[in-house]
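Novice: Here is my input, please return the structure:
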Amino acid sequence: MQYNQDKIDDTVLATLLLTLHDENRAWKGHDFEVMDRLYEKGYIHNPKGKVKSIAFTQEGLAKAREVFDGLFGV
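Specialist: Here you go, the predicted structure:
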């Protein structure tokens with residue numbers, strides 16, 4: 001089965017907010033390919049390395065909040 005990777009990326013971006021800490025960091029326990037795509041889209045800073053969290057860009061944090069509200073808001 002094929003999947004819409006943009007929808008997957010948006011969903012992962014939104015769920016990263018669930019582990020938000022230090023204003024713009026989140027734990028990066030997601031698929032490496034998705035994290036690489038989020039980096040390529042400019043939503044997070046480079047996820048590669050031993051650090052167990054990622055840093056959102058300003059654009060990425062705003063997009064994450066927008067998508068989260070759209071998916072899970074009431």
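Novice: Report the secondary structure element holding the residue most central in space within the chain.
Specialist: Nearest residue to the geometric centre of the chain (Cα atoms, centre = their mean): Leu13, 2.6 Å. Using DSSP states H and E, Leu13 falls within helix 5-16.
Novice: helices or strands next to that helix in the packing?
Specialist: Helices and strands touching helix 5-16, by 3 or more Cβ pairs under 8 Å, 6 or more residues apart in numbering; DSSP states H and E, are helix 32-40, helix 58-72. In this view, the C-beta of every residue, glycine as well, is placed from N, C-alpha and C.
Novice: Tell me which helix or strand comes right after the shortest one.
Specialist: Looking back up the chat, that one is helix 32-40. By DSSP H and E, the next helix or strand past helix 32-40 is strand 53-55.
Novice: strands paired with that following strand, and their directions?
Specialist: Next to strand 53-55 in the sheet, as set by DSSP bridges, lie strand 25-27 (antiparallel).
Novice: Tell me which residues are up against the partner strand.
Specialist: By Cβ atoms under 8 Å, 6 or more residues apart in numbering, the residues outside strand 25-27 that reach it are 16-20, 52-56.
Novice: Tabulate the helices and strands packed on helix 5-16 in a markdown table, adding columns for mean neighbour count and distance to Lys48.
Specialist: As requested, the helices and strands packed on helix 5-16 are exported to a markdown table (neighbours: other Cβ atoms under 10 Å; distance: least, Cβ to Cβ, whole Å):
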| stretch | mean neighbour count | distance to Lys48 |
| --- | --- | --- |
| helix 32-40 | 16 | 8 |
| helix 58-72 | 15 | 16 |
